[in-house]
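>>> Fold the following for me, if possible:
(chains A and B, ligands or ions: 2)
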Amino acid sequence: MSERGKTLAMGENVATGPRPNVEAPFGKALAALARGRNDIVGLSADLAKYTDILPFRDAHPDRFFNVGMAEQNLIGVSAGLAKSGFKAFCTTYGVFATRRAYDFIAIACAHSKADVKIFAGLPGLTTGYGGTHQAIEDLALMRMIPDLVVIDPCDATEIEQSVAAVAAHDGPTYARLLRGLVPRVFDPAKHRFEIGRAYTLRAQGGLGMISTGMMTERAIDAAEQLAAKGIETSILHMPTIKPFDAKAVADFARGVTRIMTLENHVVSGGLGTLVAEALYEACIFRPTVRVGIPDRFVECGSLPYLQDKCGMTVERIVAAALDGARWRQA
Amino acid sequence: MTTRNSPGTDPSVAELKARAKAIRRHVLAMSRRIGQGYVVQGLAIADALAAIYFHELRYDPANPRWAERDRFVLSTGHYSIALWATFAEAGIILAAELETYGRDESRLEMSTLDTTPGVEIIGGSLGHGLGQAVGMALGQRLRKSDARIFVEFSDGELQEGSTWEALMSGGSFGLDNLVALIDCNGIQADGKIVIDIEPVADKCRAFGWDVQEIDGNSMDAIVAALRAARAKNGKPKAIVLRTLPGKGVPTLEKREKAHFVRVEANEWDQFDRELEESDV
Ligand SMILES: Cc1ncc(C[n+]2csc(CCOP(=O)(O)OP(=O)(O)O)c2C)c(N)n1
Ligand SMILES: [Mg+2]
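Numbers count the residues shown, from 1 in each chain, chains lettered A, B, ... in the order given. Ligands and ions are numbered 1, 2, ... in the order given. Down below sits the predicted model:
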C-alpha cells in the first residue's frame, strides 16, 4: 500500500480476494422470491441503483416505489405498506436508515411489529467516502431496539438466504447489505442461514475467533495463515446480532484459550460488546482482543488503506493474533 | 487583512465568467485524475460559485475563520469538487493541492469536512445545510452583525423533510440576512429526479421566502439576482438556479443524465478542448 489510493466514491465493490463473486445477490434473490408470490413490495430512497434492488424493480415494476431522497418517509411508507398486508423490503445506506430514520424504525417498525425488511448498504468500512457514508455504529444502534432482528451477512450466499429468511420471519428486520460484486464464501448447497443461529466453522481450540459479517471471510483466511505458523484456531461465525446466541458464545469460549472478536463496526456496542456481556454472565474469563473500527469517525480514502489503518485486513488480523504485547494488555 | 467583495468593488461579468471558466478547468483536471467523479455537477455549479466568491461574499482568503465574515454553506457535500476548485481560485488553498482531491490523507475529500479551511459544515449526509444556515443567520442577527449567510442546496435535497422544516423556520423567523441558492440540475442518484419537487419557486414563496428563478448558468442573471437579494425586507431570499449538468462541455451536456457520468480515459483531452472553445 505504498502507492496512495483513490476513493472510488459510491461505486466500490467489497470483493477483494480470490473467491468467486456474485453480482447483486440481494436484488436477484428478492426478484426471484417475489416471482411466486404477490405480498412482496420493494422500496428505495434514491439509492435503487446503489443498493442492488434494480433486478426486483425490473421484474416487478408495479410493486416498486422510489420515494426520493427521504429516508424517514421511506421507513414510514414501508410501515404503511406492511400494515396493509405486504412485506416491505426497503433499501438505503445504513447511515441514513439508522441515523436519520431511527425514530421511524423504532416506533413505526419495531414497536408496531410491522413487517418491514430493511437492507442497508455500505456497512462499516465498505466505502471510502468518509464518516457521512460509513455505517460504523449501526449494529449498536439497531440492537438496542426491542423486537428488531439484526443481521450482518458474511457473503453472497448469506445475503441470498437472508432474503428468504427475513421474508419468513414475522416482524421487522435490519440486515446489512453487501452490494455490487460480493464474494461467495459459503457453499449454498451446504450452508443454511437461519436467523439467530451461530456457526462453528473451525474447532481446533487455541485462539477463538468470533466474527460477524464480512470479517468472517477474513477470519477464515487469517486462520489458514496462522495454521501455517503452527497456531491453532477456532472460528464461530455469528451473522445474527439480534437475537444473539449467548449460549453458543459461552460453549465456544469454553473450548478456547483466548478470544478475538472481529467486526466491520466500531469495537464498542456491537459484536465485541455482546461477546463480553455473554462471557461475563456465564462467568467465563478469557484474554480478549477486539478487532474492528476504533471509536472515531473514519476519513475518506481507498478501502485497502482505511481497512489497514483500522487493523481489519487479513495481514493485520494475523499480526494482532501474534502480537504478544496486545494480549498481555488484554 | 484584505477582505474580498467589499461594497463598491464589483467586478465585471466578463471577469466573473473568466473565474467560472478557471473553476471548470480545475474540475475537469480533478475528475481526470480520479478517473470519474462529480464532473457534471461541478461544471454546472461553477457559475454560481464564481459569482458568490468573486462578487458577493465578504471574506478574507488568508483568514477563513474571520469572525465578521459572510458564510457560504455548501450543503450538497459531493459538490466539494467545485468548492475546492473555487478555493484554489480564491486563494484559500493553493492550486497545487487540488491534485490530492479524493486521495488517501487528503483534506480535499469527496465531500466536505469542516476542518478544511473555508468550509462551514460537514457535507455528505444531504439535507443538513439549510437548517445550520438558519441557525447561523439567527446567530448573526443576535450578534447584531451585518454578516450574511449564503447556502447552496440541491433539488435532491428538496426531498428531505429536514429541508422543508428549515425552509419553514427561515420564513417564520424573517431572516433577511439569509440567501439560499437552490441548484435544480434535474438529476439525483437514480437518474432524472424520481419524485416530483415542482413547483419549487411557488413552494418557497408559500413558505415565506422572496424567490427569484433564473438560468443558473447565466452570469448576468446570477449577478442581478444576488444584487436583488441584498434587500432588507424581513424575508429570506431564495434563488432557484436552473442549471445544466456538464455545462461548458457540450459532449457532457448531451450525455445521459446520470449522477455518476462514466468517462473513458481517452475522452478528457476532448473535454478540455470543448471547454476552451465554449463561450461559458
Ligand atoms: C441523507 C442522504 N441520503 C442519501 C444520500 C446518497 N446520495 C448521495 S448524492 C444523492 C443524490 C441527491 O440528489 P442531488 O443532490 O440533486 O444530486 P445530483 O445527482 O444532482 O448531484 C444521494 C441520494 C446522501 N448522501 N444523503
Ligand atoms: Mg440534483
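>>> all strands of the stretch 1-150 of chain A, in order?
Assigned by DSSP state E, counting those that start in this stretch, the stretch 1-150 of chain A shows strands spanning A:21-23, A:40-44, A:64-66, A:87-93, A:116-121, A:149-151.
>>> Including distance to ligand 1, mean pLDDT and mean neighbour count, could those go into CSV?
To be clear about C-beta, it is placed using only N, CA and C from the backbone, and glycine gets the same treatment. Listed next are these as CSV, based on distance: least, Cβ to the nearest ligand atom, whole Å; pLDDT from 0 to 100; neighbours: other Cβ atoms under 10 Å in any protein chain shown:
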stretch, distance to ligand 1, mean pLDDT, mean neighbour count
strand A:21-23, 21, 97, 18
strand A:40-44, 9, 98, 26
strand A:64-66, 10, 98, 20
strand A:87-93, 6, 98, 28
strand A:116-121, 10, 98, 28
strand A:149-151, 21, 98, 25
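>>> between these, which one is nearest to B:Glu253?
Nearest to B:Glu253 among the strands of the stretch 1-150 of chain A is strand A:64-66 (25.4 Å), distances taken as Cβ to Cβ.
>>> Can you give me the pLDDT of A:Ile259?
pLDDT recorded at A:Ile259 is 98.
>>> My guess is it contacts A:Arg286. True?
Yes. Counting by Cβ atoms under 8 Å, A:Ile259 sits close enough to A:Arg286 to count as a contact (4.7 Å).
>>> When the two are compared, which one has more neighbours?
When neighbours are counted by other Cβ atoms under 10 Å in any protein chain shown, A:Ile259 and A:Arg286 differ, and A:Ile259 comes out ahead with 26 against 16.
>>> just checking, what's the longest helix in chain B?
helix B:13-34 (DSSP state H).
>>> Just tell me which of the strands of the stretch 1-150 of chain A ends up closest to B:Leu49.
Smallest distance to B:Leu49 across these (Cβ to Cβ): 27.1 Å, for strand A:87-93.
>>> So which elements touch that closest one?
When contacts are defined as 3 or more Cβ pairs under 8 Å, 6 or more residues apart in numbering or on different chains; DSSP states H and E, strand A:87-93 packs onto strand A:40-44, helix A:71-82, strand A:116-121.
>>> measure whichever residue of chain B sits closest to ligand 1 to B:Ile193 for me?
Closest contact between chain B and ligand 1, by Cβ to the nearest ligand atom, is at B:Gly156 (2.0 Å). Note on B:Gly156: its distance to B:Ile193, by Cβ to Cβ, to the nearest Å, is 8 Å.
>>> cool, and A:Ala227?
A:Ala227 sits 54 Å away from B:Ile193, going by Cβ to Cβ.
>>> Looking at these two, which one has more neighbours?
Counted by other Cβ under 10 Å, A:Ala227 and B:Ile193 do not tie: B:Ile193 has more neighbours, with 21 against 14.
>>> Quick check, pLDDT for the closest residue to B:Ala22 other than its chain neighbours.
Among residues not flanking B:Ala22 along the chain, B:Glu89 sits closest, at 5.4 Å (Cβ to Cβ, 6 or more residues apart in numbering or on different chains). Per-residue pLDDT puts B:Glu89 at 98.
>>> For the helix or strand hosting B:Glu89, enumerate the helices and strands it packs against.
Of the helices and strands defined by DSSP states H and E, B:Glu89 is found in helix B:80-90. If you count contacts as 3+ Cβ pairs under 8 Å, 6+ apart, helix B:80-90 packs onto helix B:13-34, helix B:39-51.
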